[in-house]
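1. next come a sequence and a model predicted from it.
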Amino acid sequence: MSEQAGEAVPAAQKSSWTSFLKSLAGFTGDLSAMTAPPFILSPTSLTEFPAYWCERPELFAAIADGKTEQARALAVLKWFISTLKGQYTSRNESMGSEKKPLNPVLGELFYGYWPANAARGGKTTLVVEQVSHHPPITAYRIENLEKGVILTGHSAQKTSFSGGSIIVKQVGHATLTVSLPSGETEEYLITLPRLRIDGLWYGSPYIELAETSYIQSSTGWLSTIEYKGKGYFSGKSHTFKATLTPPSHVHTSPHVIEGTWHTTSKELHSGVTFHDVTSPKEEITVAPVEQQGEWESRKLWHGVAMGIREGDFESAATFKGKIENEQRQRRRDESASGTTWELKHFKHIEYDPVYERLGKLFKANPPTEDGYIYLGNSPRSES
């Protein structure tokens, strides 16, 4: 990492970066609405981020292959840890540092799939919808119906500035369901880690995970995942320790896994490799932009993304302003007519019964959360 303040900032952007840091230092409240300097903008909308859950689709499908409750709980943990690299460090590798994603508009959609093959059975599909703009909330559904594995969730971010870092509290959760050959269904409640964005002083931001997240199975197995940065367990970045504990009626030792979530980890007692994400991931397959509808992310943001990729930030800002103005006008029109935006693929519920039921088993905080139910209406790209 650069030693001098602002060393990673392009020369033409140094003044805007300095102004941005000063704004951050004096800012109170949610940072998501702040305008970031152009060089730190991503050409990708936040609605594409749920694809990170399944960039190793064989691990997602393999959850269904576990023959016991314990084996399936381990498979869920392995899959989850293997998603973290894509979700939280892949932009550093592809773009040089963490970038601020495009803030989705209400009703924005993202569709895609990972094709069927012998290793993972059927096609795995993804449906994403931006279900709220203020605050920004993204709902998603990932299915491999042949294997009987389904993930449904929603996420939002509450951001603040503290001690030179941006602190991101991820709001929301995901529920994984596995249909068993017996006809029974297992459920897993997945909570989300807190993020800390460091490296701002140098103009080269990167994400570190913090605190603890949980995966609670309806069978009683609980994964507790502790995230530590440099100077804790091993002095390495992206370090974690996961403990899978059995339900009270099962008399077996917990599984303890330690390692770095962006590379590899080992099971502590056996020394056997638990997860390994050093091999290439599998990008989601998405329809060409010219075949997409006007609300689909890559079609909607095409002009903005092209401007950012080509370094034409003036053009990107013009396209971005046009989209944002159209959204503001749409909200004004709805307000004037007394109507509200109708969601396409999801329905909001005030209390998620699965979160409440499984959350009680590990004293989840908060004890209740809202949720989004998938309506089961397949988008164009799946038909």
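-> Ah, there it is. In this text, all values refer to a predicted model and were calculated from it rather than measured experimentally.
2. can you pull up the bridge partners for G371?
-> Taking DSSP bridges as the rule, G371 bridges to I349.
3. give the contact list for it.
-> Neighbour list for G371: H154, H173, T175, H348, I349, Y351, D352, V354, Y355 [criterion: CB atoms under 8 Å, 6 or more residues apart in numbering]. Quick note: C-beta positions are derived from backbone N, CA and C, even for glycine.
4. could I get these as TSV with secondary structure, pLDDT and distance to Y227?
-> Formatted as TSV, the contacts of G371 follow (DSSP: H, G, I helix; E, B strand; the rest coil; pLDDT from 0 to 100; distance: CB to CB, whole Å):
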residue	secondary structure	pLDDT	distance to Y227
H154	strand	98	21
H173	strand	98	17
T175	strand	98	21
H348	strand	97	30
I349	strand	97	29
Y351	coil	96	28
D352	coil	97	24
V354	helix	97	24
Y355	helix	98	21
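5. now, of those residues, which are buried?
-> By neighbour count, with 16 or more other CB atoms under 10 Å, the contacts of G371 hold H154, H173, T175, D352, V354, Y355 as buried.
6. picking that back up, looking at the contacts of G371, which is nearest K78?
-> T175 (18.2 Å; CB to CB).
7. for the buried ones among the contacts of G371, name the two members farthest from one another.
-> H154 and V354 (12.7 Å).
8. so Q327 is in which element?
-> Per DSSP states H and E, Q327 falls inside helix 313-337.
9. how many other residues sit next to E294?
-> Neighbours of E294 under the rule other CB atoms under 10 Å: 7.
10. ditto for S19
-> 11.
11. which SS class is it?
-> helix (DSSP: H, G, I helix; E, B strand; the rest coil).
12. quick one: I137 from L46, how far?
-> 10 Å (CB to CB, to the nearest Å).
13. next, show the common contact partners of those two.
-> Q130.
14. re earlier: JSON lines please, covering the contacts of G371 and showing distance to A364.
-> Listed next are the contacts of G371 as JSON lines, based on distance: CB to CB, whole Å:
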{"residue": "H154", "distance to A364": "16"}
{"residue": "H173", "distance to A364": "9"}
{"residue": "T175", "distance to A364": "13"}
{"residue": "H348", "distance to A364": "20"}
{"residue": "I349", "distance to A364": "17"}
{"residue": "Y351", "distance to A364": "13"}
{"residue": "D352", "distance to A364": "11"}
{"residue": "V354", "distance to A364": "11"}
{"residue": "Y355", "distance to A364": "7"}
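15. what is the nearest of those to P57?
-> For these, the nearest to P57 is T175 (18.6 Å; CB to CB).
16. that closest one pairs with what?
-> The partner residues for T175, given DSSP bridges, come to T152, L189.
17. my guess is it meets I190, correct?
-> Yes: using CB atoms under 8 Å, T175 is in contact with I190, at 7.1 Å.
18. list residues touching both of these two?
-> Shared contacts of T175 and I190, counting by CB under 8 Å, 6+ apart, come down to G153.
19. how about the strands in the stretch 151-300 of the chain?
-> Ranges of strands in the stretch 151-300 of the chain, per DSSP state E, counting those that start in this stretch, are 165-179, 185-191, 194-198, 206-217, 222-228, 239-245, 255-260, 264-267, 273-276.
20. chain center to the third one: distance?
-> Remark: strand 194-198 is offset 14 Å from the chain centroid, using CA atoms, centre = their mean, to the nearest Å.
21. and the angle from that strand to strand 165-179?
-> Taking axes from the mean of the first three to the mean of the last three CA atoms, to 10 degrees, one finds strand 194-198 and strand 165-179 inclined to each other by 140 degrees.
22. start the count at 502, not 1, going forward
-> All right, first residue 502 from here; so that's strand 695-699.
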